[in-house]
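Enquirer: no sequence on this one, just coordinates:
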């Protein structure tokens, strides 16, 4: 599974997640507008510079893709999702990436079955060759070379499913009254890794062989929604966590609120990252 490399503050589509460390207490809160005010709209060029800065800081040379736009449920832009490829070159097309992920996912079950078979043989037919070593209070089986190979093969295929070690993601807020870096990972965003399974679920639910991706909603790293549309214009939402079908327009978002303390923290984060980007050589 892909690993997050940075998560600061995420405001969910369904509820507000307060800043880490903030205690529950009765405090005055500022209600943010559904859509950001003009002075709080983040220019896409600035978001791209921030994404490049954050990605290069962790991974060195990278190739950035144009942003995937993540919307709030009210239709305003919430975040810019920047996938990138490690190293130089050209970022592959969406079709290429989706095909590679699908191929890898089809190989996972076979790799799991092969690992189970190799492990079973090692523990039964070759049990006399198995060594058990002890370190401290713990004992463990020394795996056979075949066992280790099958295990590594499964890990490599699972990494391909997530793009681990080849791709990465930085998610930048599209509004300056929320924290600048929403999240990121050392693999592909869910926009790719959950695309096919969500699309298949939409086709099944809409009883059609074709759907188009109409919009992508983003609230936080674990709060994302695909909006698909059938050829006849019928729309539905596929919520990713847990994966389920939701009637279009059924979910509602609460008003975003921050305390004075959180507002100052957010302003400081924006000031800091803009300064860092401007000073980058």
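Expert: Looks like it came in fine. Note that the structure is a prediction, hence the values are computed from the model and not measured.

Enquirer: got the buried residues for stretch 103-112?
Expert: Of the residues in stretch 103-112, those buried by neighbour count under the rule 16 or more other C-beta atoms under 10 Å are 104, 105, 107, 111. Using the backbone N, CA and C atoms, a C-beta is placed for each residue, glycine as well.

Enquirer: Hmm, I typed the wrong one, I wanted stretch 213-232.
Expert: Buried residues in stretch 213-232, counting neighbours by 16+ other C-beta under 10 Å, are found at 213, 216-221, 223-230.

Enquirer: Mind picking the lowest-pLDDT entry from these?
Expert: Across the buried residues of stretch 213-232, the bottom pLDDT score, 76, is held by residue 221.

Enquirer: So for that one, what's the nearest residue that isn't a sequence neighbour?
Expert: If you skip the residues right next to it in sequence, residue 221 has residue 183 as its closest partner in space, 4.3 Å away by C-beta to C-beta, 6 or more residues apart in numbering.

Enquirer: State the pLDDT value of the one you found.
Expert: 87.

Enquirer: Equivalent analysis for residue 74, please.
Expert: 89.

Enquirer: pretty sure it is in a strand, no?
Expert: No: with DSSP: H, G, I helix; E, B strand; the rest coil as the criterion, residue 74 is assigned coil and is not in a strand.

Enquirer: and of the buried residues of stretch 213-232, the nearest to residue 50?
Expert: Comparing the buried residues of stretch 213-232 against residue 50 with C-beta to C-beta picks out residue 218 as the nearest, at 16.1 Å.

Enquirer: sorry, back to before: and the residue nearest to residue 221, that's in a strand?
Expert: Yes: assessed by three-state DSSP, residue 183 belongs to a strand.

Enquirer: Check the spacing between it and residue 102 real quick.
Expert: In this view, residue 183 and residue 102 are 25 Å apart by C-beta to C-beta, to the nearest Å.

Enquirer: Comparing these two, which residue is more hemmed in?
Expert: For residue 183 against residue 102, the residue with the higher neighbour count under other C-beta atoms under 10 Å is residue 183, and the figures read 23 against 14.

Enquirer: can you pull up the bridge partners for that one?
Expert: Under the criterion DSSP bridges, residue 183 forms beta bridges with residue 171.

Enquirer: how far out from the middle of the chain is the helix or strand encompassing residue 152?
Expert: Secondary-structure assignment from DSSP states H and E places residue 152 in helix 145-162. Relative to the chain's own centre, helix 145-162 is displaced by 22 Å; criterion: C-alpha atoms, centre = their mean, to the nearest Å.

Enquirer: Can you give the contact residues for that helix?
Expert: 1-2, 100-101, 104-105, 107-108, 111-112, 114-115, 118-119, 121-122, 143, 164-165, 187-188, 193 (C-beta atoms under 8 Å, 6 or more residues apart in numbering).

Enquirer: Kindly report the same for stretch 48-62.
Expert: Here stretch 48-62 has contacts from 5-6, 64, 67, 80, 82, 84-88, 168, 170, 172, 180-181, 184, 186, 273-274, 276-277, 280, using C-beta under 8 Å, 6+ apart.

Enquirer: give me that answer again for 7 Å
Expert: Outside stretch 48-62, the residues that touch it by C-beta atoms under 7 Å, 6 or more residues apart in numbering are 5, 64, 67, 82, 84-88, 168, 170, 172, 180-181, 184, 273, 276-277, 280.
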